[in-house]
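Student: Everything below, folded, please.
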Amino acid sequence: MNGHLTLFLSRFGYVGIFLALAFGVIGLPIPDELLLTYVGYNVAQGTMKLSLAIISALSGSIAGISISYVIGSKLGYPVIKRFALKLHVNIEHIEKSRKMFVKYGSILLIVGYFIPGVRHFIAITAGLSHMSYKKFALFSYTGALIWTTLFIMAGNGLGAKWYIVIRYFHLYKAFLPPIISLLLILTLLFLYFRKPSG
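Tutor: Coordinates of the predicted model:
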């Protein structure tokens, strides 16, 4: 896998990051976290710039999730379900995303990036639910920023041991959404109750 990533990034660079994340978020079987972490490793090696890497990854994620939102809002559930069956897409993932969206609402657009199977369908669910684009963009783009930056910075920080991030991510991924939700809530509370200085 390392060799394939090396070849991919050396050939397509920042444009490749954008395209991979755009299509990966839409639902193609692309190892998003693996790619992001390896991009961070390349930043550490000096072959990529941190700012351009994050911008490319963030732009790709935003493009992918926005397309998914439009698909959900324009086509509707019956059409999406029919296409999913034809394309052999697991309907259970869509149903899981719908149920989780009803339960957790907007916050799922942020933490959903860290839940495999949910990341690919949560934007479609938001579109199906007729959530306003402004609200969708606020939460989903924030989630994209956190997700892409976290993995790129982790790969950058670990350098040659970048693969450790993926190992522990898959080991503890079930605990990531509640941890991230708690951190977001604490941050929002801090910003809300913080007294303005002098």
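Student: can you give me phi and psi for the residue nearest in space to the middle of the chain?
Tutor: In the chain, the residue lying closest to the centroid (CA atoms, centre = their mean) is Tyr113, at 3.8 Å. Backbone torsions of Tyr113, given as degrees, to the nearest 10, read phi -60, psi -30.
Student: Any regions of this protein where pLDDT drops low?
Tutor: Across the chain, the stretches falling below the confidence threshold (pLDDT under 70) are 1-6, 84-90, 116-117, 162-163, 165-198.
Student: Where do the helices of it begin and end?
Tutor: Assigned by DSSP state H, the helices in the chain fall at 2-26, 32-45, 50-75, 77-86, 91-104, 108-111, 122-128, 133-158, 163-172, 176-193.
Student: what sits against the residue nearest to the centre of the chain?
Tutor: By CB atoms under 8 Å, 6 or more residues apart in numbering, Tyr113 lies in contact with 61, 119, 143-144, 146-147. All C-beta spots, glycine's among them, are computed from the backbone N, C-alpha and C.
Student: Mind doing that once more with 6 Å?
Tutor: For Tyr113, the contacting residues are 119, 143, 147, by CB atoms under 6 Å, 6 or more residues apart in numbering.
Student: tell me which of those residues is nearest to Val39?
Tutor: Distance from Val39 was checked for each of the contacts of Tyr113 by CB to CB. The minimum falls on Trp147, at 12.7 Å.
Student: if I look at Pro29, how far off is Ala22?
Tutor: Pro29 sits 14 Å away from Ala22 when distances are taken as CB to CB, to the nearest Å.
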